[in-house]
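Test case, fold it:
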Amino acid sequence: MSEQVILKRELNIGGRSMTLETGRVAKQASGAVFVRYGDTMVLVAATMAQHIREGIDFFPLTVDYEERLYAVGKIPGGFIKRESRPSEKAVLSCRLIDRPIRPLFPKGFRNEVQIIATIMSVDQDHAPEMAAMIGASTALHISDTPFGGPIGGVIVGRVNGELVINPTREQAEKSDMHLVVAGTRDAVMMVEAKASEVPESVMLEAISFGHDKIREIVDFIEKFREEALSLGLAREKMVFEPAHPAPEIDAAVTGRAEQKFTAAVRQCIDTKMPKKQREIYLDQVKSELIQEFAETFPEQAKDIEKVVDAAEKKVIRGFITRDKVRIDGRALNEVRPITVEVGVLPRTHGTGLFTRGQTQVLSVLTLGPVSDEQRLDGLGTEETKRYMHHYNFPPFSTGETKPMRAPGRRDIGHGALAERALEAVIPSEKAFPYTIRIVSEVLESNGSTSMGSVCGSCLSLMDAGVPIKAPVAGAAMGLIKEGDEIAVLTDIQGVEDHLGDMDFKVAGTKDGITALQMDIKIAGVTPRILERALEQAHEARMHIMGKMLAVIDKPRTDLSRYAPRIIQINIDPDKIRDVIGPGGKIIRKIVEETGADIDIEDDGRVFIGALDSEAGKKALQIVETLTKDVVTGEIYNGKVTRVTDFGCFVEVIPGVLGLPGKEGLVHISQLAHHRVAKTEDIVREGDSILVKAIGSDQQGRLKLSRKEAVPPEPGELELAAQEAAEPRRNPRPPRDRDRRY
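Now for the predicted structure:
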């Protein structure tokens, strides 16, 4: 049996070691890499099918990010006790890996490629998604797939003004940005970020800073493949020759198709034809062209269609780069007409309807108690989430009919982008003790529904009275690049996204960026293009925000009358048991009695939520009563509960829910400033009297004094002095009952 050959090499990223290894495991995959970064370990396997599935007219690339809870020493929750559907973090990590590698496969390639990243061990200081991205790039590069990489990827943070590569957990908590950059040696392929109003200049600097490190990673992977090839651990690349239409078809069809499409697109521009009408019109032109040449080339219908599609794309892009005009007649930096409405739905807590051209999003906000926060069962340290954004994209929004399914990766990704865009301005739980959920319903779609969701959601927050730190708006930039000709498009619509080279979404406040996401279809973009795109995005954002603020310029001062009222108080953590009671008996009684919801945190924070403010106040009063202590030196208005020969018992804090209150003894000597012969001479059962807490006895029982709580009556001090001067007659020995109560 031959000795196993293993290749293992080490790279420094962010001041820490990352190790790539191949040849030990998963050897039947086209390429497999074991990545170790700190104590984070990820196995990434890339496999290519050798045969093309019949009827496939797209590139079937799949990226799976498989979280294993054993990686953090957890057993899955629920009844099944095994991992099932991917978490939201896993879906977003799949997209993070997919987006920079997909454009690097050759056009026309149809073999199925699957990348599976299995997260086997997680050290919270070393992000598993970045280990998986670098592992995917390496596995593809040593495989036989015709991959045009490799790529590298890093996270860039900013701590105290200093840029940091792959920040640790402690650094990440202090960072005002979380920027993921991926790219090749020559260009940036993908950018995704959330930030706390970071200026555009700083963001550009951070992207450049990250790309410098990416170049080192790419060079390392190139050398890794060379060594793997020499050891027989890498495969020779498949030679892929894309199929081209026959030259005679190209020659016959192209000129005629470009002529007809030029006239058709000019007609669309001149008449500012709406999207659906334009689609029908251009489809008709396309059908006429295919029929026109079908008789001449009866066996080459698909080739004719390819040439016609290429001609349409060339003509539309040509109008943009050459004539600086778009298919709907707009200038390159022009935003479509905008309308804004709030308070659309009467019974919800907040709504914002945002319409930009033929893109329309209705965002609906719901406020709930802290107990409504989402529980997370994943590999990260975060266990709950109190602000959630969900995005729905029904087929009617594009005038189509499709089956309604569970949210797909795109829906989850767009919802997460809008969530990141607004997260920086959401008030803290301390300032606003509510769980916040926003649902963005896409009602019409013609480009950049995710940024429409950001705008609609910001409106819904202000309509609901959530005290956000600043308004947020967003816009999507596009790119048409033909040779040295570059056109950056503001507020792209669907056809420009489909036929263009970039979709660059930017959201933020007037002071800076809160979220970024860039997808491209070409082999990267340069810093100059990014700078131009960010400049136009800022102009667009300010324009859109002006339209929004003209309708509602700040959060409403009052919540919707249908929203719960949350009261927050802090109690001594040692008193939590007094509110909960044995087996939750007392807290259930409070809920039944008042109808309010009560959530208690381990640190003593108590959240009381109720639609009826009176119910909330009643619950608050009960909680305060249960946790209130009698303070020595304080004066209380108490109720006499019992009268004895040696004094009276006074309840200074009344009982609630059938539970006893807090009472103490006013000894007969403390009833008045003069000598009292009989307790009933001063008080009777049921009386309300003022008493002062004067301490506790050796058994911890409360001692009270009426004498120190009320001023003496006229002549009472003189009487007391006289009594003190007279010797007592027949003094009796103290009795046992004077000593106990």
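
Is residue 98 within a helix or a strand, and which one?
Under DSSP states H and E, the secondary-structure element containing residue 98 is helix 88-101.

From the chain's centroid, how far away is that helix?
Distance, stretch centre to chain centre, for helix 88-101: 15 Å (CA atoms, centre = their mean, to the nearest Å).

cool, stretch 167-180 as well?
On CA atoms, centre = their mean, the centre of stretch 167-180 falls 15 Å from the chain's centre.

Then stretch 525-541?
For stretch 525-541 - counting by CA atoms, centre = their mean - the centre lies 25 Å from the chain centre.

Pull the residues that contact it.
187-188, 191, 200, 203-204, 207-208, 333, 335, 473-475, 477, 479, 481, 486, 488, 490-491, 502, 504, 506-508, 518 (CB atoms under 8 Å, 6 or more residues apart in numbering). (Glycine included, C-beta is placed from N, CA and C.)

The same query, at a cut-off of 7 Å, please.
Residues outside stretch 525-541 that contact it (CB atoms under 7 Å, 6 or more residues apart in numbering): 187-188, 200, 203-204, 207-208, 333, 335, 473-475, 477, 479, 486, 488, 490-491, 502, 504, 506, 508.

Select only the buried ones of these in ChimeraX?
Per 16 or more other CB atoms under 10 Å, the buried members of the contacts of stretch 525-541 correspond to this ChimeraX selection:
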select :187,188,200,203,207,333,335,473,474,475,477,479,486,488,490,491,502,504,506,508
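
Of the contacts of stretch 525-541, which belong to strands?
Here DSSP state E is the test, and the contacts of stretch 525-541 give 188, 473-475, 477, 479, 486, 488, 490, 502, 504, 506, 508 as lying in strands.

With distance to residue 54 and pLDDT added, can I get those in JSON lines?
Converted to JSON lines, the ones in strands among the contacts of stretch 525-541 look like this (distance: CB to CB, whole Å; pLDDT from 0 to 100):
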{"residue": "188", "distance to residue 54": "37", "pLDDT": "91"}
{"residue": "473", "distance to residue 54": "47", "pLDDT": "97"}
{"residue": "474", "distance to residue 54": "42", "pLDDT": "96"}
{"residue": "475", "distance to residue 54": "42", "pLDDT": "95"}
{"residue": "477", "distance to residue 54": "39", "pLDDT": "94"}
{"residue": "479", "distance to residue 54": "35", "pLDDT": "92"}
{"residue": "486", "distance to residue 54": "40", "pLDDT": "88"}
{"residue": "488", "distance to residue 54": "41", "pLDDT": "93"}
{"residue": "490", "distance to residue 54": "42", "pLDDT": "94"}
{"residue": "502", "distance to residue 54": "33", "pLDDT": "89"}
{"residue": "504", "distance to residue 54": "37", "pLDDT": "93"}
{"residue": "506", "distance to residue 54": "42", "pLDDT": "96"}
{"residue": "508", "distance to residue 54": "47", "pLDDT": "96"}
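
between those, which is closest to residue 38?
Within the ones in strands among the contacts of stretch 525-541, distances to residue 38 taken as CB to CB reach their minimum at residue 188, with 25.9 Å.

what about the closest one, distance to residue 105?
According to CB to CB, to the nearest Å, residue 188 and residue 105 sit 18 Å apart.
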